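S.K.: The sequence isn't on hand, but the structure is:
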C-alpha cells in the first residue's frame, strides 16, 4: 500500500456532498466507517496468520532433523497447535462482530477488540512460523521472513493497538457511568 499526505487548500464542497447528509453529523458518520475498516484489517490479519501457519506446517512436514520430519517433535507441535488455537479464537470473534454489524448493532468496541486481538495474534503466529523454520526463517527465500516483516503493519492500520485499547476502555467507562 502506498501512503501519502493529502493537502486540500481552498476546497469548497457543496451541501449535496455533505458527509452523513446532515450538518454536524460528518464526524460520527466517518467514525462508523472505521468499524468496517477495523473488521477488514482484523479479517486480513486472521487470514494472513492462517497462511503463515499453513506455510509452517508445510515446512515442518518437509524439513528433517535426526532422520525424521521436525513436525514429529513435540515443541514444534506445540507451536503449531497454539497458533491454530489463536487463529480459531480470531475467527470466532470475526464471525461474531460481522454478524452483529449485519444486524445493525453498535459494534465500536467489538470491532476494536477484534482488530486488536487479530492483529496481535497474527504477530504471535508469524513469530512462531519463523521459529518453526529455525535459522531459515530469516532467509528471504522462505515465506516466513516476509510474513514476519509484513505482519507488523496490521497492528498500525485503522488505529494502533494502544489507541484502540484506550478507546475500548473509554467507552466501557462511559457505559458504566451511564448505567450507575
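M.R.: Done, it's in. The shown structure was predicted, so the numbers you read here are calculated from the model rather than taken from an experiment.

S.K.: quick one: residue 111 from residue 56, how far?
M.R.: 29 Å (Cβ to Cβ, to the nearest Å). The way it works is simple: take the backbone N, C-alpha and C, and place the C-beta from them, glycine included.

S.K.: cool, and residue 5?
M.R.: Applying Cβ to Cβ to residue 5 and residue 56 gives a distance of 38 Å.

S.K.: neighbour count winner among these two?
M.R.: The neighbour comparison of residue 5 against residue 56 (other Cβ atoms under 10 Å) goes to residue 56, with 27 against 4.

S.K.: for that one, phi and psi?
M.R.: Main-chain torsions, residue 56, degrees, to the nearest 10: phi -70, psi -40.

S.K.: correct me, but it touches residue 137?
M.R.: No: contact criterion Cβ atoms under 8 Å: residue 56 and residue 137 do not qualify, at 9.1 Å.

S.K.: anything in contact with each of these two?
M.R.: 129, 144 (Cβ atoms under 8 Å, 6 or more residues apart in numbering).

S.K.: What distance do you get for residue 87 to residue 128?
M.R.: When residue 87 is compared with residue 128 (using Cβ to Cβ), they lie 11 Å apart.
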